[in-house]
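Novice: Here is my input, please return the structure:
(chains A and B)
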Amino acid sequence: MNTSRGGALVTHGRFIVRVAAVLAACLTAASLLASGVFATGISDEARACGGARNTVQAEFDLASGQDIWREFPAMLQSPELESESAPLHVVVFKGDVDLTGMVMGTTSQVPLVTNAVCVTLSSGQVFFYDGVSRAGSRFQ
Amino acid sequence: MPNIRRAFLAMMSIIVASITALTFTGTTLALSYSSCVEGPLAVNHWRGEAVTGGPRHGTSGTVIGRTLLMCSNPGAFEVDGTFYFSNVEPTNGSFRDIIQVGFGQGRSPSLLPGMHFITGFGRSNTTPGCAGLSNVDPIAHQAGSYDNTSHDYKVYHQNNVWNLLVGSTVKLSYPEADLCWSPARSSWFGETWDSGDQMGGTPSSRMGVTSLNYATAENGGFVYTSLLPAGSCNYNNAPPNWYQCDIPSSRSIELWTLDR
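Specialist: Just a heads-up that it's a prediction; the model follows:
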């Protein structure tokens, strides 16, 4: 009897340990994914734009800066893109974008921004836009 | 059964402790302010000197080669960094409105590790002069690996472009049309993203920013600042009091962090 009861206890204990281990692994993996530590499937340009910790809706290349208005017809003026004749890479974000660990200068609390689009020129120069209107765009 | 319950409770405690430690290592291990304390929620702290009073078409300051140190005991999800910048800004702008060049390093999913030259540029369509233009956020652009030697960090409006120079090397240029706000403030400041990061130097080895000078016109000559030597600099966002900045002479400031 005692042996049988002890065996049941051991079995229960092992089961609990296994469940706990799986639970811990899942929670840890989820946390790491959310933080961007293990982010996969995004380009270097998207990473530099903060894609590892925010939701990338789409990435694509354009032949020139003026093509951005085909994708975002209601986007406000951007002299740096209007004059850009070389190919560029575009990262479109969905929802709130956390600029923590990206934005510099005189802001105490790094804000969340929305409707963000990050453009990397062929020179490597990066322009991070927020508040880009999605009106008339395929990105809603 | 009590044994099973005890084992279960023990395991749950271990799980909770593990997750908490992974998530908030920087906070839970913060034994002093040199430890990372703000975790994944970076807060910008800056301290330095600003000069206003007219148009600004250039800002320049020289800093000796120096590795800027970040906080210790970073958590798994830490965001922090430490930087120096020479800047031109408006006096009536938003957080976005700045053009800057400097150096530093950060822990962030968007930054490569190690010391780099850093540039930034931004504008906001709510700032006077910028209506109709897209918002650009001043994100950190790593403009090459840092060489740990003395350089002049200069923002200069020159021949219809805004150049960001390290010494005589143009790291990045922006057409003048990109900058819609009125450049009216020259500033030199240290910046950190976690109150545990070191700003500038130490009490025994302060980081000097020397030969502070600025230009009041495009292509204009630079004039040295005439700061009043004083115990404290005039430009900050109420950072922790261990971040210090003094004015030792009319054309220099010193930045350092106490107890380092």
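Novice: Mind jotting down where the strands sit in chain A?
Specialist: Listed in chain order, the strands of chain A (DSSP state E) span residues A:55-62, A:88-94, A:97-98, A:112-113, A:117-121, A:126-130.
Novice: contacting residues around B:V155?
Specialist: For B:V155, the residues meeting the contact criterion (Cβ atoms under 8 Å, 6 or more residues apart in numbering or on different chains) are B:58-60, B:86-88, B:99-101, B:162-165. Quick note: C-beta positions are derived from backbone N, CA and C, even for glycine.
Novice: before we move on, the earlier item: minimum distance to B:H141: which of the strands of chain A has it?
Specialist: Put simply, out of the strands of chain A the one that sits nearest B:H141 is strand A:126-130, at 5.7 Å, with distance taken as Cβ to Cβ.
Novice: tell me which strands and helices that closest one is in contact with?
Specialist: Counting by 3 or more Cβ pairs under 8 Å, 6 or more residues apart in numbering or on different chains; DSSP states H and E, the packing neighbours recorded for strand A:126-130 are strand A:117-121, strand B:135-137.
Novice: After the last one, which helix or strand is next? Please name it.
Specialist: Using DSSP states H and E, the helix or strand that follows strand B:135-137 in sequence is strand B:141-145.
Novice: Going by neighbour count, list what's buried in that next one.
Specialist: B:141-143 (16 or more other Cβ atoms under 10 Å in any protein chain shown).
Novice: hmm, back to that, can you add distance to B:S108 and give the contacts of B:V155 back as a markdown table?
Specialist: What follows is those, written out as a markdown table (distance: Cβ to Cβ, whole Å):
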| residue | distance to B:S108 |
| --- | --- |
| B:G58 | 29 |
| B:T59 | 25 |
| B:S60 | 28 |
| B:S86 | 22 |
| B:N87 | 20 |
| B:V88 | 25 |
| B:I99 | 21 |
| B:Q100 | 17 |
| B:V101 | 19 |
| B:W162 | 25 |
| B:N163 | 26 |
| B:L164 | 21 |
| B:L165 | 25 |
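Novice: With distance to B:T257 and secondary structure added, can I get those residues in TSV?
Specialist: Putting the contacts of B:V155 into TSV (distance: Cβ to Cβ, whole Å; DSSP: H, G, I helix; E, B strand; the rest coil) gives the following:
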residue	distance to B:T257	secondary structure
B:G58	29	strand
B:T59	23	strand
B:S60	24	strand
B:S86	20	strand
B:N87	20	strand
B:V88	26	strand
B:I99	26	strand
B:Q100	21	strand
B:V101	22	strand
B:W162	31	strand
B:N163	31	strand
B:L164	26	strand
B:L165	27	strand
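Novice: what's the weakest-modelled helix or strand in the chain?
Specialist: In the absence of a named chain, chain A is used. The helix or strand of chain A with the poorest confidence is helix A:2-35; it has a mean of 55 (mean pLDDT, DSSP states H and E).
Novice: that's the wrong chain, I wanted chain B
Specialist: Least confident helix or strand, chain B: helix B:2-28 with a mean of 56, by mean pLDDT, DSSP H and E.
Novice: and whichever residue of the stretch 1-150 of chain B sits closest to chain A, what does it touch?
Specialist: Among residues of the stretch 1-150 of chain B, the one nearest chain A by Cβ to the nearest Cβ turns out to be B:S108. It sits 3.0 Å away. Contacts for B:S108 were tallied using Cβ under 8 Å, 6+ apart; they are A:100-102, B:42, B:79, B:81, B:193.
Novice: which of these lies closest to A:V92?
Specialist: Checking those against A:V92 with Cβ to Cβ, the nearest one is A:M102 at 16.4 Å.
Novice: and the closest one, what does it touch?
Specialist: Residues in contact with A:M102 (Cβ under 8 Å, 6+ apart) are A:50, A:110, A:128, B:108, B:110-111, B:137, B:139-140.
Novice: how about it, phi and psi?
Specialist: Backbone torsions of A:M102, given as degrees, to the nearest 10, read phi -130, psi -50.
Novice: Quick check: closest non-adjacent residue to it.
Specialist: B:I139 (4.4 Å; Cβ to Cβ, 6 or more residues apart in numbering or on different chains).
Novice: Same check on A:R138?
Specialist: A:E71 (7.3 Å).
Novice: Test of understanding: give the bridge partners of the residue nearest the centre of chain B.
Specialist: When chain B is reduced to its mean C-alpha position, the closest residue under Cα atoms, centre = their mean turns out to be B:E191, at 3.0 Å. Using DSSP bridges, the bridge partners assigned to B:E191 are B:W46, B:F83.
Novice: Could you double-check that B:L41 lies in contact with A:T100?
Specialist: Yes: under the criterion of Cβ atoms under 8 Å, B:L41 lies in contact with A:T100, with a separation of 6.3 Å.
Novice: Which residue of those two possesses the greater neighbour count?
Specialist: More crowded of B:L41 and A:T100, by other Cβ atoms under 10 Å in any protein chain shown: A:T100, with 24 against 14.
Novice: give the contact list for the more buried one.
Specialist: Going by Cβ under 8 Å, 6+ apart, the list of residues near A:T100 reads A:53, A:110, B:40-42, B:79, B:108, B:193.
Novice: what pLDDT does it get?
Specialist: pLDDT, the model's per-residue confidence, is 85 for A:T100.
Novice: can you count the residues close to B:G104?
Specialist: Neighbour number of B:G104 under other Cβ under 10 Å is 27.
Novice: Sweet, I'm off.
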